[in-house]
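**Q** give me coordinates for this.
(2 chains)
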2 protein chains.
Amino acid sequence: MENVKVAFLGFGNVGTGAYKIINQNNDEIKRSEAVRLEVSKILVRDINKKRALDVGDSVLTDKIEEIVNDPEISIVAEFIGGVDPAKDYVLSCLKSKKSVVTANKELIAKHGQELQKVAMDNGVGLYYEASVAGGIPVIKILLESLQANRIKGIMGIINGTTNYILTKMSEEGRDFEDVLAEAQRLGIAEPDPTSDIEGFDAVYKLSILSSIAFHKRVNVDCIYREGITKITVDDINYGKELGFVLKLLAIAKKQDNTIEVRVHPTFIPQDHPLAAVRSSFNAIFLKGDAVGDIMLYGRGAGDLPTGSAVVSDIISACHRKSNHKYVNFFNDEQDSKDANYNNDWESEFFIRLTVKDKPGVLAKIAGSFGKYGVSIASVIQKDRGKESAPLIFVTHAAKELSLKKAISDIKNQDDVLKVENIICVEH
Amino acid sequence: MENVKVAFLGFGNVGTGAYKIINQNNDEIKRSEAVRLEVSKILVRDINKKRALDVGDSVLTDKIEEIVNDPEISIVAEFIGGVDPAKDYVLSCLKSKKSVVTANKELIAKHGQELQKVAMDNGVGLYYEASVAGGIPVIKILLESLQANRIKGIMGIINGTTNYILTKMSEEGRDFEDVLAEAQRLGIAEPDPTSDIEGFDAVYKLSILSSIAFHKRVNVDCIYREGITKITVDDINYGKELGFVLKLLAIAKKQDNTIEVRVHPTFIPQDHPLAAVRSSFNAIFLKGDAVGDIMLYGRGAGDLPTGSAVVSDIISACHRKSNHKYVNFFNDEQDSKDANYNNDWESEFFIRLTVKDKPGVLAKIAGSFGKYGVSIASVIQKDRGKESAPLIFVTHAAKELSLKKAISDIKNQDDVLKVENIICVEH
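**A** Below you'll find the predicted structure:
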């Protein structure tokens, strides 16, 4: 039985979850993995702070050196989050020949390449399953189960907070602000919710997933990003009438050497498997040329689900010893073969307008769509007989730039009072 | 770049799929895995048979010895199916220090323990991801992503043929025999469909999954089995009225040392994620004490999806070299700690009766349920005013043995013409 000493950097929600799992399931882990894990040091800011979980005074430290310089510690799990000081700490640990496991999506999305290089140079591992979709093992599946596939696409709900908000808006007809405030009270949304509701969190995760899937580094800056703050219950309800459910989707597609990566609110058909993903659950569709469509569903956050991914990575790091798995998308050579990023993607679009309710309006708008080659799949006209009326279009597949031109034409028509929203539709 | 010679035993549907994947994606595999796969020998019954895929005459052989005795072949993939002669061939390959990859669920379910022991003794690997749920990497996830969890339950649609049949019956209102005949014409069902429609196929797969999940060998014989041949469109339609969808589910639960394993038609709520799994797709729910619920969804059969799992296992076997992953449920020591099998499981039940349509019938039947402690959640009475009428009950959670006693009581009532069907309800 191998005894493995592990250190934690940070001891918040996920760190506490991982600690609990190691303690509760150590017998199970010993039996099936022949490894005994021991959390021997935990770096915290204030060692005197009262904590819900008693880990023993000798375990807590506020000095990173006590971990970096301890030769008995072979694996370090980082739970600090963000880039600073997590990056420096992780680098120090890697250079001291300790494998690092992290749940830090921002760190990996922005600096994964540099960190992996240091890990390789020092013969240790860098694992980050927990950085994407909490307990769902999507990174391991991409790296170690779909190796025989060319991955063509990724489509996923990878932010639980926005999915919670959109689910509540859809099922209870409540406004965005109202549900956001509730989510904050429940701890589902952060006091500053920007990273979630503006799509940054999903962008970090999509950068990691698409880089691994496409064997190319997909920079955070290359990903189109649109949050959910402009979504109204009206959009959701008109979408429902058309058979759609609204989700914040992370989408990545690859065709030959052209990559398309985007995070935005999206309508999907009600019978799409992602449509059934409610509340704060996550789910990810992967499309491989051999395996076809695979979907993974589970809890994308939370102390124990994310802790489960962290402890799994710790066990993997134990077994791999000096034979760690690295991903080739970080290779300099590959990185230099730049992919083309497609910013004129093709999609169907849902367009909600408010127009003057008089004869001929529809014909004129349809004319503008036609002028730019955008063809209409369906139209809803409502509340006839008032001064103004909502008018909703769903297009057939069209290029984004063509649609933009048509919309700018439509905006200039006297009878069009407002372009309320434009939302992609995917199948 | 490592060059790895692989032999195939059998060259049917899945073997051809694996061959195609290796040839089409070898560049991708070389680049990301630093391995070049070469299928150097394929064992077939008739080397002169005309084949759709030309692999070169020198590759085909009808002598197993040519593979067993070829020291350059390090990995063998078995696609023969069934126990005989697959088992003998696999044993010979393992003893010649070749790792074996197989899609053979019956072989692994019945003889996995013996085969793994021989693999361990010879320092080679035995991989069988493709034996369960085709392209869905459920075995890898159980073994290498959920190590930190105690698995409490498995619930899945792991037979595509029956899911295809039930989906068609449900959506098109067609009879079992009619849809089965269509599935046979389309090649979705075998000419002899027994293994699928009577649940044997699902039992093999559940034996493998539950053994891995629970770290205990769960014998095929310990699994309760009921196929879908007695299901009628009436059952499905009454279920729909109650908000249920019918699926053939494989269910395994573990509490302390007690295991419950069963394959049978099951009603689940319409908003359950498994309810949306249509046609021949597979999906598996896993419940871990840390990770919570995880669902995996994808194609459970087909040349390329199953081939994807086979090629992934071949690549894993290449990388592991002498450091193969074995599962501890095959250990003699663990196997001797017998689990208790629970044959009196608790479930809600859907019961469809045909009764005489006269006053007092419902009260008498309800009395029988009450006598054995089975309480009623809902009742549907239909077609009043005829001689006989359907009467449908859904119970609250009840023990199976209590239900059986109540049903035998009800059967003896004069006003009960027939107990049409009894179907479990899970949530």
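**Q** all strands for the stretch 301-427 of chain A, in order.
**A** Secondary structure of the stretch 301-427 of chain A (DSSP state E, counting those that start in this stretch): strands at A:340-341, A:346-356, A:376-381, A:388-395, A:398-399, A:416-425.
**Q** export the ones you listed to CSV and append columns for mean neighbour count.
**A** Yep, even glycine has a C-beta here, placed from its N, CA and C like the rest. Compiled in CSV, these are given as follows (neighbours: other Cβ atoms under 10 Å in any protein chain shown):
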stretch, mean neighbour count
strand A:340-341, 13
strand A:346-356, 20
strand A:376-381, 14
strand A:388-395, 20
strand A:398-399, 17
strand A:416-425, 18
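**Q** now tabulate those in CSV and tack on distance to residue A:259.
**A** CSV is the format used below for the strands of the stretch 301-427 of chain A (distance: least, Cβ to Cβ, whole Å):
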stretch, distance to residue A:259
strand A:340-341, 6
strand A:346-356, 14
strand A:376-381, 27
strand A:388-395, 24
strand A:398-399, 17
strand A:416-425, 17
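**Q** adding mean pLDDT and distance to residue B:80, write these out as JSON lines.
**A** Output for the strands of the stretch 301-427 of chain A, formatted as JSON lines (pLDDT from 0 to 100; distance: least, Cβ to Cβ, whole Å):
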{"stretch": "strand A:340-341", "mean pLDDT": "84", "distance to residue B:80": "45"}
{"stretch": "strand A:346-356", "mean pLDDT": "96", "distance to residue B:80": "45"}
{"stretch": "strand A:376-381", "mean pLDDT": "93", "distance to residue B:80": "49"}
{"stretch": "strand A:388-395", "mean pLDDT": "95", "distance to residue B:80": "51"}
{"stretch": "strand A:398-399", "mean pLDDT": "96", "distance to residue B:80": "50"}
{"stretch": "strand A:416-425", "mean pLDDT": "97", "distance to residue B:80": "46"}
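**Q** any chance of these in a markdown table, plus distance to chain B?
**A** As requested, the strands of the stretch 301-427 of chain A are exported to a markdown table (distance: least, Cβ to the nearest Cβ, whole Å):
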| stretch | distance to chain B |
| --- | --- |
| strand A:340-341 | 19 |
| strand A:346-356 | 21 |
| strand A:376-381 | 23 |
| strand A:388-395 | 23 |
| strand A:398-399 | 29 |
| strand A:416-425 | 19 |
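**Q** hang on, residue A:40 in a strand?
**A** Yes: counting by DSSP: H, G, I helix; E, B strand; the rest coil, residue A:40 is located in a strand.
**Q** what pairs with the nearest residue to it once chain neighbours are set aside across the strands?
**A** Nearest residue to residue A:40 in three dimensions, chain neighbours excluded: residue A:5, at 4.4 Å (Cβ to Cβ, 6 or more residues apart in numbering or on different chains). Judged by DSSP bridges, the bridge partners of residue A:5 are residue A:38, residue A:73.
**Q** give the contact list for residue A:5.
**A** Contacts for residue A:5 (Cβ atoms under 8 Å, 6 or more residues apart in numbering or on different chains) come out as A:38, A:40, A:70, A:72-75.
**Q** any of those residues buried? List them.
**A** Neighbour-count burial (16 or more other Cβ atoms under 10 Å in any protein chain shown) is assigned, among the contacts of residue A:5, to A:40, A:70, A:73-75.
**Q** surely residue A:215 touches residue B:29?
**A** No: applying Cβ atoms under 8 Å as the test, residue A:215 and residue B:29 come out as separate, 11.1 Å apart.
**Q** the two: which is more packed in?
**A** Neighbour totals were compared for residue A:215 and residue B:29, and residue B:29 leads with 24 against 20 (other Cβ atoms under 10 Å in any protein chain shown).
**Q** checking that one next. Helix, strand or coil?
**A** For residue B:29, the assignment made with three-state DSSP gives helix.
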